[in-house]
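Asks: make a model of this:
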Amino acid sequence: MRISLLFSLTLILVALLYVFGYQYSLLWRFWWYDILLHTLGGIGIGLFAVRLSIFFGTSRQVSYAIAGALLIGAGWEVFEYSLGLPRSVFFNYAVDTTKDMLMDVTGALIGVSIARRV
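Replies: Below you'll find the model as predicted:
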């Protein structure tokens, strides 16, 4: 139950920070803001992966977390690209996408770690 609550709170936090960051151009003003969002999103994915593995009765939490982070992260990058959202002014496209995917996976592993302690 606590994992589901943490997941929900993380999801709300990421959504609010994204809207706030987009509205006030924080994504383009601060190089670390995008890293924060992707890491928090990854934490949410990791929490969800643990909840999912408990539901299915499997111990593949880390595998679910990494796969989920890569799938959702790649989907998000395609979404950004297809909408023509402005890219990072700090990194070129390939570096930005690689950094985003790395932060998604890192966050997912942190999320698994948190969920195992709750």
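
Asks: which parts of the chain are helices?
Replies: 2-23, 26-29, 33-56, 61-83, 93-117 (DSSP state H).

Asks: and the second one, what does it pack against?
Replies: Other helices and strands packing on helix 26-29, by 3 or more CB pairs under 8 Å, 6 or more residues apart in numbering; DSSP states H and E, are helix 33-56. Quick note: C-beta positions are derived from backbone N, CA and C, even for glycine.

Asks: what residues of the helix it packs on count as buried?
Replies: By neighbour count on 16 or more other CB atoms under 10 Å, the buried set for helix 33-56 is 33-53.

Asks: over to stretch 92-108?
Replies: Quick answer for stretch 92-108 (16+ other CB under 10 Å): 96, 97, 99, 100, 101, 102, 103, 104, 105, 106, 107, 108.

Asks: follow-up on the earlier one: select from the helices of the chain the stretch with the lowest mean pLDDT.
Replies: Lowest mean pLDDT within the helices of the chain: helix 26-29, a mean of 88.

Asks: output that one as CSV, nothing but the C-alphas.
Replies: What follows is helix 26-29 as a C-alpha-only set of coordinates in CSV (Å, rounded to 0.1, in the frame of the first residue of the first chain):
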residue,chain,number,x,y,z
LEU,A,26,12.9,26.2,-16.2
LEU,A,27,13.8,23.4,-18.5
TRP,A,28,15.8,25.8,-20.6
ARG,A,29,17.1,28.0,-17.9
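
Asks: tell me the centre residue of this protein?
Replies: residue 41 (2.3 Å; CA atoms, centre = their mean).

Asks: skip the chain neighbours and tell me the closest residue to that one.
Replies: residue 14 (5.1 Å; CB to CB, 6 or more residues apart in numbering).
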